[in-house]
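Colleague: Could you look at this predicted model? Sequence included:
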Amino acid sequence: MAASFLAVVFSTTLFSGIVVFVCKLFGCIRKEKPIDLLPRGSMGWFPFLGETLAFLKPHKSNSLGTFLQQHCSRYGNIFKSHLFGGPTIVSCDLEFNVFILQNEERLFQTSYPKPVHDILGKLSMMLVSGDLHKKLRSAAVSFINVSKSSPDFISYVDDLCISLVDSWRDKKQVVFFKEAKELTFYLMLKNLLSIEPEDPVAGEILGDFLTFMKGFVSLPVQIPGTAYAKAVKARKRISSTLKEMIRNRENEGMHKKRGDFLDELLGKVWLNDEEKVSILLDLLLAGYETTSGLMALVVYFLAHAPSSLQTLKDEHQALRKTKKDGEPLNWEDFKKMEFTSHVISESLRCGNLVKFVHRRALKDVKFKEYVIPGGWQVLPIFTAAHLDPSIHEHPLEFNPWRWADQTTSKKVTPFGGGLRICPGAELGKLEIAFFLHHFVLHFRWEAKEEDCPMSCPYLDFKRGLVLQIHQLHN
């Protein structure tokens with residue numbers, strides 16, 4: 001998949017570079033700011049590509065990677081480069097990263113490569129800005145609030161986690177990343193659309209979604225048979241399925257409400273069908289990629305941290321003793337899982353689910369001694385601040401106890417920040433915490449050191465995170 005992603009980058013960068021070159025040739029782009037106001041750096045030796053391939057070279061996600069290590073050592077934590085077809089400022093500085101995130105829409109704006117727009121759709125919350133982003137985000141936030149206040153959904157999360165753990169009782173090995181993706185995807189289908197895992201339409205949507213995700217990291221060539229072409233078709237099929245569900249619900253009327261997010265969405269008359277479909281797709285993507293990725297990181301780091309695992313197990317054994325036999329977990333139980341929350345937060349810091357985001361300066365921006373020219377790309381690197389030894393003591397060490405210090409949360413940006421801070425962070429943590437409760441009480445597991453999380457730059461595992469599991473007989 002990493003090779004496919006690099007193919008996307010090469011195609012996008014080549015196209016973007018040609019456009020930039022022609023514009024400069026004919027004077028369409030204004031002159032750059034004086035060189036002494038820019039951060040130091042290198043624009044690379046390759047025409048159009050610049051340093052993109054070196055920047056995107058896969059590396060362990062709990063490391064900076066060679067490119068960032070060398071550039072930060074040579075130029076400092078803020079440096080210039082030529083990435084994704086244009087001049088770029090790369091920030092490995094926590095203060096500047098926070099400044100970028102907090103000044104969304106004022107000084108900076110989201111700016112992703114064209115293939116991302118083509119595959120996610122023009123209405124994706126990750127891509128839109130201004131009032132449209134606010135409108136779509138408010139609908140997503142309402143989904144989170146409804147879920148958190150819904151005992152039925154919370155009980156369903158508990159039931160599905162129990163079902164998954166029970167299904168492993170006769171197994172010695174599981175490919176965990178795949179299992180985690182299916183679990184979180186089915187949870188989202190239930191909460192969004194009242195679709196159960198055994199429903200035929202669930203399998204159809206999941207199959208199309210797998211095809212869609214493969215195309216997301218492929219060469220964007222619209223030729224029949226290519227991963228990209230298949231992904232475009234898969235997205236259309238998913239959109240058609242969702243539109244049909246919307247029409248069916250509207251025809252059923254108010255007398256047949258299911259109490260899911262689609263019911264909530266249909267009440268938002270200021271959204272058109274295309275916007276509703278885009279919101280549903282964004283939330284499915286978050287459930288499939290983000291929550292499952294974090295769950296896999298937690299399980300991986302716990303496999304190599306026996307003292308953390310024992311403390312986690314002690315917390316859940318103590319919690320279980322307060323419950324009756326078969327009594328499901330609830331929101332109050334989740335809020336009591338203090339060390340579990342520390343484990344999840346530390347996994348985010350060490351594993352770096354999101355390495356960086358794409359932004360563009362809307363105008364010339366002054367930050368300390370630097371001036372960032374308007375129109376330049378700006379990439380805040382979250383990984384760098386998370387692994388900075390001047391910020392975190394022994395940053396490469398997995399240490400959940402560091403989160404007992406409340407100031408630690410101010411030294412990381414795993415969920416972004418500002419207007420685009422992840423609205424579903426708390427709900428994702430709940431799903432992971434409930435899964436951990438049942439997993440640590442019924443199994444012990446091992447994971448090979450070499451089957452580690454990789455930044456490609458999306459999160460992946462070399463072998464899918466293969467776990468050797470052993471049932472506990474309490």
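Modeller: Noted; the coordinates are in hand.
Colleague: Ramachandran angles for the closest residue to Lys411 other than its chain neighbours?
Modeller: Using C-beta to C-beta, 6 or more residues apart in numbering and skipping the chain neighbours, the partner closest in space to Lys411 is Ile391 (5.0 Å). All C-beta atoms are positioned from the backbone trio N, CA, C, and that covers glycine. Backbone torsions of Ile391, given as degrees, to the nearest 10, read phi -110, psi -40.
Colleague: I'd assumed Thr408 was in contact with Ile391.
Modeller: No - the pair Ile391 and Thr408 does not pass the contact test of C-beta atoms under 8 Å, sitting 9.4 Å apart.
Colleague: For Met43, see how far away the residue nearest to Lys411 is.
Modeller: Per C-beta to C-beta, to the nearest Å, Ile391 is found 29 Å from Met43.
Colleague: Then Lys171?
Modeller: 52 Å.
Colleague: now Ser308, nearest residue through space, not along the chain?
Modeller: Among residues not flanking Ser308 along the chain, Pro400 sits closest, at 5.4 Å (C-beta to C-beta, 6+ apart).
Colleague: correct me, but the one you found touches Met337?
Modeller: No - if you go by C-beta under 8 Å, Pro400 and Met337 don't touch, sitting 11.9 Å apart.
Colleague: which SS state does the residue lying closest to Gly374 once chain neighbours are set aside fall under?
Modeller: Spatial nearest neighbour of Gly374, chain neighbours left out: Lys363 (4.2 Å); criterion: C-beta to C-beta, 6+ apart. At Lys363 the chain is in coil, as set by DSSP: H, G, I helix; E, B strand; the rest coil.
Colleague: Tell me who's in contact with the residue nearest in space to the middle of the chain.
Modeller: Taking C-alpha atoms, centre = their mean, the centroid of the chain lies closest to Thr290, which sits 3.9 Å from it. With contact taken as C-beta atoms under 8 Å, 6 or more residues apart in numbering, Thr290 is in contact with Leu353, Cys422, Gly424, Gly428.
Colleague: before we move on, back to that, which residues do Ile391 and Thr408 both contact?
Modeller: Between them, Ile391 and Thr408 share no contacting residue, judged by C-beta under 8 Å, 6+ apart.
Colleague: the strands in the protein, which residues?
Modeller: 59-60, 78-83, 86-91, 108-110, 173-175, 359-361, 365-367, 370-372, 377-380, 443-447, 453-455, 459-461, 466-471 (DSSP state E).
Colleague: helices or strands up against the shortest one?
Modeller: Spelled out, it's strand 59-60. Here strand 59-60 touches strand 453-455, going by 3 or more C-beta pairs under 8 Å, 6 or more residues apart in numbering; DSSP states H and E.
Colleague: Listing partners with orientation, what would you give for the strand it packs on?
Modeller: strand 59-60 (antiparallel), strand 459-461 (antiparallel) (DSSP bridges).
Colleague: Report the rounded mean pLDDT for the first one.
Modeller: Think strand 59-60. For strand 59-60, mean pLDDT is 93.
Colleague: Might you quantify the distance of that strand from its chain's geometric centre?
Modeller: Mean-position distance between strand 59-60 and its chain equals 17 Å (C-alpha atoms, centre = their mean, to the nearest Å).
Colleague: again, but for the last one
Modeller: What separates the centre of strand 459-461 from the centre of its chain is 12 Å, taken as C-alpha atoms, centre = their mean.
Colleague: Now that strand: buried residues?
Modeller: Leu459, Asp460, Phe461 (16 or more other C-beta atoms under 10 Å).
Colleague: residues contacting the last one?
Modeller: For Phe461, the contact set (C-beta under 8 Å, 6+ apart) comprises Phe177, Ala296, Tyr300, Asp451, Cys452, Pro453, Met454.
Colleague: between these, which is nearest Glu327?
Modeller: Ala296 (28.2 Å; C-beta to C-beta).
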